[in-house]
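**Q** Quick one, what's the 3D model for this:
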Amino acid sequence: MPVKIRLQRHGKKGKPFYWLVAADSRAKRDGKYLEKLGTYDPNTNPAHVKIDLNKAIIWLEKGAQPTNTARALLSYRGVMLKHHLNKGVKKGAFSEEEAEKKFFKWLDEKEKKIENKVNKIQKSLSDKKDQALEAEKLAREKRAEAIKLAKEKELKELEAKEEAAEEKPAEAKEEAAEEQVKIEEDSSKKESENPKD
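**A** Now for the predicted structure:
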């Protein structure tokens, strides 16, 4: 029975979540499996990968073949490196202590890389948030300034209307007086032209 280490899809539509399983290669993708080895959540950044190191190595030593994606995940968590080092120990290339030392050194470096990536992502998110807040602050100030200018314009228009209203009665009186003078002049001219008999 050929055994594969592969992903089994779970989760919901648009939000996949995978189990890393050892399964018969003839079984359905989401069907029966021999053993669950870990999980993979691609929805987070960076993706969350959790693998049981010992179980995965046991299946690799038994001859289970990982799929390309499963191999990438196993490499990401150091399972393939550990398996490779175990082969070196069996062949006598180096001792088990040296293999453990190399593995834990690699694991520390990997954890630092992941931590740096997480920090970089958080920093970029906080920078974007700060930029958005600054842009909103500028927009708020522009809106307040525009409202202030609009109110000042309205006040000037009202003052101009009030001044015009105050000037109109005085002008109207002057105009009425001028018209009265014209009427009187016209009437006096008519009278002078048409003397009474």
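
**Q** Output the below-cut-off pLDDT ranges for this structure.
**A** Scanning the chain for pLDDT under 70 picks out the ranges 1, 167-173, 176, 189-197.

**Q** So which elements touch the longest helix seen in it?
**A** Secondary structure of the chain per DSSP state H: the longest helix is helix 96-193. The contact analysis (3 or more C-beta pairs under 8 Å, 6 or more residues apart in numbering; DSSP states H and E) places helix 96-193 against helix 79-91. C-beta coordinates here come from the backbone N, C-alpha and C atoms, glycine included.

**Q** can you give me how far the helix it packs on is from the chain middle?
**A** A distance of 42 Å separates the centroid of the chain from that of helix 79-91, by C-alpha atoms, centre = their mean, to the nearest Å.

**Q** List the buried residues for it?
**A** V79, M80, L81, K82, H83, L85, N86 (16 or more other C-beta atoms under 10 Å).

**Q** would you list these in TSV and tack on distance to K151?
**A** Formatted as TSV, the buried residues of helix 79-91 follow (distance: C-beta to C-beta, whole Å):
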residue	distance to K151
V79	69
M80	70
L81	70
K82	72
H83	75
L85	76
N86	79
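
**Q** What angle do helix 79-91 and the longest helix of the chain make with each other?
**A** Helix 96-193 runs at 170 degrees relative to helix 79-91, counting by axes from the mean of the first three to the mean of the last three C-alpha atoms, to 10 degrees.

**Q** and which of the buried residues of helix 79-91 is nearest L158?
**A** Taking C-beta to C-beta as the measure, L158 lies nearest V79 of the buried residues of helix 79-91, at 79.2 Å.

**Q** Sounds good, over and out.
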